[in-house]
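Chemist: could you work out the structure for the sequence below:
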Amino acid sequence: MQFQNLNLIEPILRSLNEEKYITPTPVQSQAIPLVLAGKDLLACAQTGTGKTAAFSIPILQLLHSKPLEGKKKIRSLVLTPTRELAIQIGESFNAYGRHLRLSSTVIFGGVNQHAQVAALNKGIDVLIATPGRLLDLISQGHVQLKDIEIFVLDEADRMLDMGFIHDVKKLLAILPKQRQSLFFSATMAPEIIQLAQTILKNPSKVTVTPVSSTAEMIQQYVYFVDKGNKNALLVDILNNQEIKTALVFTRTKHGADKVVKMLLKHRITAEAIHGNKAQNARQRALNNFKSQTTRVLVATDIAARGIDVDELEYVINYEMPNVAETYVHRIGRTGRAGAKGTAYSFCDATEKPYLADIEKLISKKIQVVDKHAYPLMDHHASKPVKQAQAPRSQRPQSKHHQGGKKFGKRNRNSGQHQKTVTFGA
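Modeler: Prediction:
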């Protein structure tokens, strides 16, 4: 099947052709006809499966088919948990709707609201927003949602993880009862399904790439290493000049900053991206990484949602995630759209239970790299590891901070700003 078989209008097909999009992904081929038919949709699809196009393309076509006279009104709302995702979704609406007379804007916190308010006052068709800033602008009278025809809740599981459930419920109470609703989540835990039932009416369902699966093309390796030697091991791996860029994951913001500081000392260009960084700094870091001006981007899990880098081949888990599903999301940054990918994970003694949970989830053993310069010497955890057993929406942030203040000794016996985007003239 190709996009031209999905009953899409010529201006959108022309945009897709200009983007060199010919064949839709499974979630796109299934979801687009359902959305065009006006149905509510419940979709389980993780980042990297093409879900943004799965809702943005049919929304553009539906809005174009029912033009309004006079000043534009907000007719579609896309709610997403992070700034990076909001920006990425905005770019997608811009790309696919470039030949249509529709406009959109993206709003999120962490920046001055003046430019966002100015864009809203001009009138827009599509609003992409994070919950906090949207509620703030609604309370100030800058946003009206009474004309919403299509509502999208994107990354619902992450929305719950970040504590946005109460904000989401406030917004649902404001939205018109008569609307089309699209619900996307990478996982379908009970609390996610419960939330979906409050939003959707007789939804059609699409499930693509369950969270327990990992891309076939991704090669996965684990290094058993003492916590204090993770810095040294990371530098060793990055000394391989075939690794043009790498996305490195830590569990904490503080840990991300420490890794960047260490890499810079070793003349490896690196930047961090996490919630404590100003929005302009986060976007600059991401742009530098995409252009390969920065070789290593160190990220926390929440900040990493929405990072979409073409041909990113290497992901490194400096620390094992304490929720198994997070591992799948992390390594899903690579091996996208059929490209090859490699995932390295550093596992110390305290993190072995996390590794066991991950392998159980993905139903495979991750290949162990046992010949490296910093093998695990302390095989017993000095402190018990607390497993994250609570529902995803109730799980606390991990308080683990990465170690490795100094490189350990080598084992001698081991061997070696905002704007409105108008589509069309």
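
Chemist: going by C-alpha atoms from here, please, whenever you check contacts or count neighbours.
Modeler: Will do.

Chemist: how about low-confidence regions in the stretch 301-425 of the chain?
Modeler: Counting by pLDDT under 70, the stretch 301-425 of the chain contains low-confidence residues at 302-308, 310, 336-339, 381-425.

Chemist: repeat that with 90
Modeler: 301-313, 322-341, 361-363, 378-425 (pLDDT under 90).

Chemist: same deal with the stretch 151-300 of the chain?
Modeler: 157-165, 185-193, 207-218, 251-253, 273-287, 290-291, 300.

Chemist: and the helices in it?
Modeler: Counting by DSSP state H, counting those that start in this stretch, one finds helices in the stretch 151-300 of the chain at the ranges 156-161, 165-174, 190-199, 230-238, 253-265, 279-290.

Chemist: deepest of those, which one?
Modeler: Sort the helices of the stretch 151-300 of the chain by mean neighbour count, taking mean count of other C-alpha atoms under 10 Å, and helix 156-161 sits at the top with a mean of 22.

Chemist: dump that helix to PDB, restricted to CA.
Modeler: This file holds the C-alpha atoms of helix 156-161, laid out as PDB (Å, rounded to 0.1, in the frame of the first residue of the first chain):
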ATOM      1  CA  ALA A 156      -0.800   9.300  27.300                       C
ATOM      2  CA  ASP A 157       1.300   7.000  29.300                       C
ATOM      3  CA  ARG A 158       4.100   9.600  29.600                       C
ATOM      4  CA  MET A 159       1.400  12.200  30.500                       C
ATOM      5  CA  LEU A 160       0.500  10.100  33.500                       C
ATOM      6  CA  ASP A 161       4.100   9.400  34.400                       C
END
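
Chemist: and that helix, what does it pack against?
Modeler: The contact analysis (3 or more C-alpha pairs under 8 Å, 6 or more residues apart in numbering; DSSP states H and E) places helix 156-161 against strand 180-185.

Chemist: relative orientation of the strand it packs on and helix 190-199 in degrees?
Modeler: Taking axes from the mean of the first three to the mean of the last three C-alpha atoms, to 10 degrees, one finds strand 180-185 and helix 190-199 inclined to each other by 170 degrees.

Chemist: strand 180-185 pairs with which strands, and in what direction?
Modeler: Sheet pairing for strand 180-185, assigned by DSSP bridges, gives strand 41-45 (parallel), strand 150-153 (parallel).

Chemist: export it as PDB, just CAs?
Modeler: Extracted in PDB, the C-alpha atoms of strand 180-185 (Å, rounded to 0.1, in the frame of the first residue of the first chain):
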ATOM      1  CA  GLN A 180     -13.700  13.400  17.500                       C
ATOM      2  CA  SER A 181     -11.000  12.100  19.900                       C
ATOM      3  CA  LEU A 182      -7.800  10.300  19.200                       C
ATOM      4  CA  PHE A 183      -5.800   8.700  22.000                       C
ATOM      5  CA  PHE A 184      -2.200   7.500  21.500                       C
ATOM      6  CA  SER A 185      -0.100   5.600  24.100                       C
END
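
Chemist: how about the residue lying closest to T23 once chain neighbours are set aside, phi and psi?
Modeler: Of all residues not flanking T23 in the chain, Q2 sits nearest, at 4.5 Å (C-alpha to C-alpha, 6 or more residues apart in numbering). With angles defined as degrees, to the nearest 10, Q2 sits at phi -120, psi 170.

Chemist: got the contact list for Q2?
Modeler: I22, T23, P24 (C-alpha atoms under 8 Å, 6 or more residues apart in numbering).

Chemist: need these in a markdown table (columns: secondary structure, pLDDT and neighbour count).
Modeler: Formatted as a markdown table, these follow (DSSP: H, G, I helix; E, B strand; the rest coil; pLDDT from 0 to 100; neighbours: other C-alpha atoms under 10 Å):
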| residue | secondary structure | pLDDT | neighbour count |
| --- | --- | --- | --- |
| I22 | coil | 90 | 14 |
| T23 | coil | 92 | 14 |
| P24 | coil | 93 | 19 |
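
Chemist: picking up where we left off before, can you say which of the strands paired with strand 180-185 is nearest to K66?
Modeler: With respect to K66, and counting by C-alpha to C-alpha, the nearest of the strands paired with strand 180-185 is strand 150-153 at 12.6 Å.

Chemist: just how off-centre is the closest one within its chain?
Modeler: Put simply, strand 150-153 sits 18 Å off its chain's centre (C-alpha atoms, centre = their mean, to the nearest Å).

Chemist: pull that strand out as CSV, backbone CA atoms only.
Modeler: C-alpha atoms of strand 150-153 as CSV (Å, rounded to 0.1, in the frame of the first residue of the first chain):
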residue,chain,number,x,y,z
ILE,A,150,-10.7,17.0,16.8
PHE,A,151,-8.8,16.4,20.1
VAL,A,152,-5.6,14.3,20.2
LEU,A,153,-4.0,13.1,23.5
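
Chemist: go ahead and confirm H274 touches T300.
Modeler: Yes: counting by C-alpha atoms under 8 Å, H274 does reach T300; the two are 5.8 Å apart.

Chemist: now for these two: what residues contact both?
Modeler: K253, A256.

Chemist: and the gap between D226 and R330?
Modeler: Applying C-alpha to C-alpha, to the nearest Å, the value for D226 to R330 is 22 Å.

Chemist: do the same with E359
Modeler: Taking C-alpha to C-alpha, one finds E359 at 14 Å from R330.

Chemist: do the same with Y221
Modeler: Distance from Y221 to R330, by C-alpha to C-alpha: 14 Å.

Chemist: neighbour-wise, which of the two wins?
Modeler: Between Y221 and R330, counting by other C-alpha atoms under 10 Å, R330 is the more crowded of the two (23 against 16).

Chemist: what is the three-state secondary structure of that one?
Modeler: Secondary structure for R330, judged by DSSP: H, G, I helix; E, B strand; the rest coil, is helix.

Chemist: could you measure from it over to A299?
Modeler: Computed as C-alpha to C-alpha, the R330 to A299 distance reads 10 Å.

Chemist: okay, and the common contacts of those two?
Modeler: F249.

Chemist: ok, back up a step: nearest to G90, of the strands paired with strand 180-185?
Modeler: Counting by C-alpha to C-alpha, G90 lies closest to strand 150-153 out of the strands paired with strand 180-185; the figure is 13.2 Å.

Chemist: which outside residues touch that closest one?
Modeler: So strand 150-153 is contacted by 55, 59, 75-80, 179-184 (C-alpha under 8 Å, 6+ apart).
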